[in-house]
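Asker: Starting from these lines, generate the structure:
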Amino acid sequence: MLISYSSYFFYVLLSFLAGCFAFIFTSLGSGVVFLFKKINNTVMDCMLALSAGIMLSASIFSLIIPALEYYNSIDITVSIFLIISFLSGGYFIYISSTFIDKCYSNDLSHNHKKSILLFFSIILHNIPEGLIIGIAFGAIFYKSSTLVSALILTLGIALQNFPEGSAISLPLKRIGFSSFKAFSFGVLSGIVEPIAAIIGALLILKIQFILPFIMLFTAGAMIYVIIIELIPESQKNKKEGLIAFINIIGFSIMMFLELLFSWINFYNIIFI
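Answerer: Predicted structure coming up:
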């Protein structure tokens, strides 16, 4: 039994290291802000639109689709709860925004409120990704996954984290944050990933059933922020057509990353 437990916690340790690897890519993506010192409003609007497209694509391909695919056949009861989870994510951000307005109506600018919402939406997105990494490595112990599959999964999530890191730091720079402060927020948003990886590995048998609900909740929260903040802010420009196309490019970047790794069928590997 001692050998069994030591072997299991070895995979928990691997989960943590894999989560740290994914976190590093988030930090690298956030560091993109240091490449720019002073940018005109049109370029910044394009970056904001790129971030919105990246987040929207990540919501659909990394959260919504795999969450729905968890169930081979969905009965009406489960479907209702899945939809409620998705709606609850958006409503959570709405309530959070209202709460921030009431508590800091005199002290918090519109831009700072926007940065708080964006920051928490990315954190919510990183939690299920960390859980997925942990489940992948924990499943090795139960012979439901392989080390190679778990490593490739981690690589795929890490590569996705690079544009996601920039998706938080660039909009923050757009609304007036310094490069270092925007970078710091991007880094902080990824810290939850190694922690969630440990939780996923420890609770693999208990957390798998509720993970799709967590993912849909997160997707709802992210899409709300995209619609209410990112897209409207990027459209404060005379070149609306160009900005919209940049949004599609951002969406395509994440879609390409998903297609690039689809052959391994990540989510079917971890959803036992």
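Asker: Residue ranges in the stretch 101-250 of the chain under the pLDDT threshold?
Answerer: Along the stretch 101-250 of the chain, segments meeting pLDDT under 70 span 101-115, 143-146, 149, 156, 205.
Asker: Next, work out how far apart Leu230 and Asp45 are.
Answerer: 11 Å (Cβ to Cβ, to the nearest Å). C-beta here means a position set from N, CA and C on the backbone, and glycine is covered the same way.
Asker: actually Leu216, not the one I typed
Answerer: 30 Å.
Asker: Likewise for Gly200?
Answerer: Distance from Gly200 to Asp45, by Cβ to Cβ: 37 Å.
Asker: of the two, who's got more company?
Answerer: Gly200 (29 against 23; other Cβ atoms under 10 Å).
Asker: Please name the residues that touch that one.
Answerer: 15, 130-135, 138, 207 (Cβ atoms under 8 Å, 6 or more residues apart in numbering).
Asker: same deal with Ile253?
Answerer: So Ile253 contacts 50, 53-54, 57, 163 (Cβ under 8 Å, 6+ apart).
Asker: now with 6 Å?
Answerer: Contact analysis of Ile253 by Cβ atoms under 6 Å, 6 or more residues apart in numbering lists Pro163.
Asker: Report pLDDT for it.
Answerer: The pLDDT attached to Ile253 in the predicted structure is 83.
Asker: How far does the helix or strand hosting it sit from its chain's centre?
Answerer: Element membership for Ile253 (DSSP states H and E) is helix 240-260. Distance of helix 240-260 from its chain centroid, counting by Cα atoms, centre = their mean, to the nearest Å, is 16 Å.
Asker: Which positions within stretch 198-212 qualify as buried?
Answerer: Across stretch 198-212, burial judged by 16 or more other Cβ atoms under 10 Å covers 198-204, 207-208, 211-212.
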